[in-house]
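**Student:** this one's sequence-less:
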């Protein structure tokens, strides 16, 4: 299998795999930085450091995986070429191809985003058309990195300690990417008592957590990935606040003197722990019916656990004790005028009907996550 044959001279983890993990990291760190840049300074140039971090990740992923494809095609052994995925006569690991396609999408999004801002100014929302193209590319880079790690992990389970850790690591960045993409629906504490927050969370998180738990060789894959998501978000919160910033584009509705950080991360470790405990109780030879029932139970239990911890924590984040460097409460961008709305929950209240739909969504999401995890457990190239 090709994944088992990628080796550095010392026999350590191959550098293309590490490069893909670095690319995934650079991209999402750049995205969070870029959002903070928009909220603190405004978009004054395409050549911001945040943009360079994003596109550095795309370039590293594209070049390293491109090298891997060329090496496999022209210098790989017969076994390597036979195990690889063929595309246009070239051969390479599936994850490498996904990373390359993601890098190309990111490159295409750059001039499109520049034109969009020149034509329409600042983004009114995160999911603008250029950002959707960029989000597709970022997703592909993250998924490609996970697939490369999976191929190595599944090809040699007995000697896969580092690949197992890298899978959890890249899984955490996939969760972070999803949380960032949907931050306008779930990421702000003021939203975290409403139906839209719970419905979106139920659609996204059981899918990812069950999938990672099922695909990981580690017993605590989902918990570890959720820990990576929370840890990286916290680091970005604390680091960004250290840098001074001043708004440069009107309208300036409030005074900002430092980079505005993201909101405190959702407490996903709690539902992830529940998912790991439930999924790991099922024996390897269990039938589809038992696995399906387990996934449904894990999805609903995950949302119950998330509600139990996030509901009171969201109230805390709106209160005065959270308005400090550690929790970064009450920090809005310069385009939002100060007001009493900062300290209350927004939108419609949660209802029994909304809770029921949330449970059904969580069950369906977890079943899809089970399918994803089963597929990931079979990846060998």
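**Tutor:** Ah, there it is. Since we're looking at a predicted model, the values are computed, not measured. Residues are numbered from 1 along each chain as shown.
**Student:** what sits closest to residue 322 if chain neighbours are left out?
**Tutor:** Spatial nearest neighbour of residue 322, excluding adjacent residues (CB to CB, 6 or more residues apart in numbering): residue 329 at 3.3 Å. (C-beta placed from N, C-alpha, C; glycine too.)
**Student:** next helix or strand past the worst-scoring helix or strand of the chain on mean pLDDT?
**Tutor:** Here the helix or strand of the chain ranked lowest by mean pLDDT, DSSP states H and E is helix 2-5, holding a mean of 43. Per DSSP states H and E, the first helix or strand lying C-terminal to helix 2-5 is helix 15-40.
**Student:** let me know the average pLDDT across whichever helix or strand comes after that following helix.
**Tutor:** Next in sequence after helix 15-40, counting helices and strands by DSSP H and E, comes helix 49-75. The pLDDT scores in helix 49-75 average 87.
**Student:** give the buried residues for helix 49-75.
**Tutor:** In terms of neighbour count (16 or more other CB atoms under 10 Å), helix 49-75 has its buried residues at 50-51, 53-66, 68-69, 72-73.
**Student:** check stretch 34-49 too.
**Tutor:** 34, 35, 36, 37, 38, 39, 40, 41, 42, 43, 48.
**Student:** and the strand or helix carrying residue 364, what's buried?
**Tutor:** Residue 364 is part of helix 352-377 when elements are defined by DSSP H and E. Buried residues in helix 352-377, counted by 16+ other CB under 10 Å: 354-355, 358-359, 361-373, 376.
**Student:** mind giving me the packing neighbours of that helix?
**Tutor:** helix 129-155, helix 195-215, helix 288-317 (3 or more CB pairs under 8 Å, 6 or more residues apart in numbering; DSSP states H and E).
**Student:** and these as JSON lines, adding mean neighbour count, mean pLDDT and distance to residue 245?
**Tutor:** Converted to JSON lines, the helices and strands packed on helix 352-377 look like this (neighbours: other CB atoms under 10 Å; pLDDT from 0 to 100; distance: least, CB to CB, whole Å):
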{"stretch": "helix 129-155", "mean neighbour count": "24", "mean pLDDT": "80", "distance to residue 245": "21"}
{"stretch": "helix 195-215", "mean neighbour count": "25", "mean pLDDT": "95", "distance to residue 245": "28"}
{"stretch": "helix 288-317", "mean neighbour count": "19", "mean pLDDT": "95", "distance to residue 245": "22"}
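**Student:** turn the ones you listed into a markdown table, columns for distance to residue 113.
**Tutor:** Below are the helices and strands packed on helix 352-377 laid out as a markdown table (distance: least, CB to CB, whole Å):
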| stretch | distance to residue 113 |
| --- | --- |
| helix 129-155 | 4 |
| helix 195-215 | 24 |
| helix 288-317 | 31 |
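**Student:** domains of the chain?
**Tutor:** For the chain, automatic domain parsing gives the domain ranges 14-155, 185-222+230-381.
**Student:** can you lay out these as JSON lines showing distance to residue 172?
**Tutor:** Below are the domains of the chain laid out as JSON lines (distance: least, CB to CB, whole Å):
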{"stretch": "domain 14-155", "distance to residue 172": "10"}
{"stretch": "domain 185-222+230-381", "distance to residue 172": "7"}
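**Student:** out of these, which comes closest to residue 164?
**Tutor:** Closest approach to residue 164 among the domains of the chain (CB to CB): domain 185-222+230-381, 4.6 Å.
**Student:** where does the stretch 251-381 of the chain dip in pLDDT?
**Tutor:** Flagging of the stretch 251-381 of the chain using pLDDT under 70 yields the residue ranges 381.
**Student:** wait, is residue 91 part of a strand?
**Tutor:** Yes - counting by DSSP: H, G, I helix; E, B strand; the rest coil, residue 91 is found in a strand.
**Student:** am I right that it is in contact with residue 72?
**Tutor:** Yes - the pair residue 91 / residue 72 is scored as a contact, 5.1 Å apart, by CB atoms under 8 Å.
**Student:** quick one: distance of stretch 197-208 to the chain centre.
**Tutor:** 13 Å (CA atoms, centre = their mean, to the nearest Å).
**Student:** use 588 as the first number from now on
**Tutor:** Fine by me, first position is 588 from now on; the one you just mentioned is stretch 784-795.
**Student:** what's next to it, contact-wise?
**Tutor:** With contact meaning CB atoms under 8 Å, 6 or more residues apart in numbering, stretch 784-795 is reached by 758, 761-762, 765-766, 769, 772-773, 778, 812, 853, 855, 858, 862, 885-886, 889-890, 893-894, 937, 941-942, 944-946, 948-950, 952-953, 955-956, 959.
**Student:** give me the distance between the two termini of stretch 898-912.
**Tutor:** Distance between the two ends of stretch 898-912: 22 Å, counting by CA to CA, to the nearest Å.
**Student:** residues contacting residue 951?
**Tutor:** Contacts of residue 951 by CB under 8 Å, 6+ apart are residue 886.
**Student:** hang on, I meant residue 861
**Tutor:** 885, 888, 889, 892.
**Student:** any chance of TSV for those, columns distance to residue 696?
**Tutor:** Shown next, in TSV, are those (distance: CB to CB, whole Å):
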residue	distance to residue 696
885	35
888	38
889	33
892	36
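**Student:** name the nearest of these relative to residue 671.
**Tutor:** Using CB to CB, these come closest to residue 671 at residue 885, 34.4 Å.
**Student:** nearest residue to that closest one other than its sequence neighbours?
**Tutor:** The nearest residue in space to residue 885 (CB to CB, 6+ apart) is residue 865, at 4.3 Å.
**Student:** distance-wise, check the one you found relative to residue 615.
**Tutor:** Distance, residue 865 to residue 615, by CB to CB, to the nearest Å: 28 Å.
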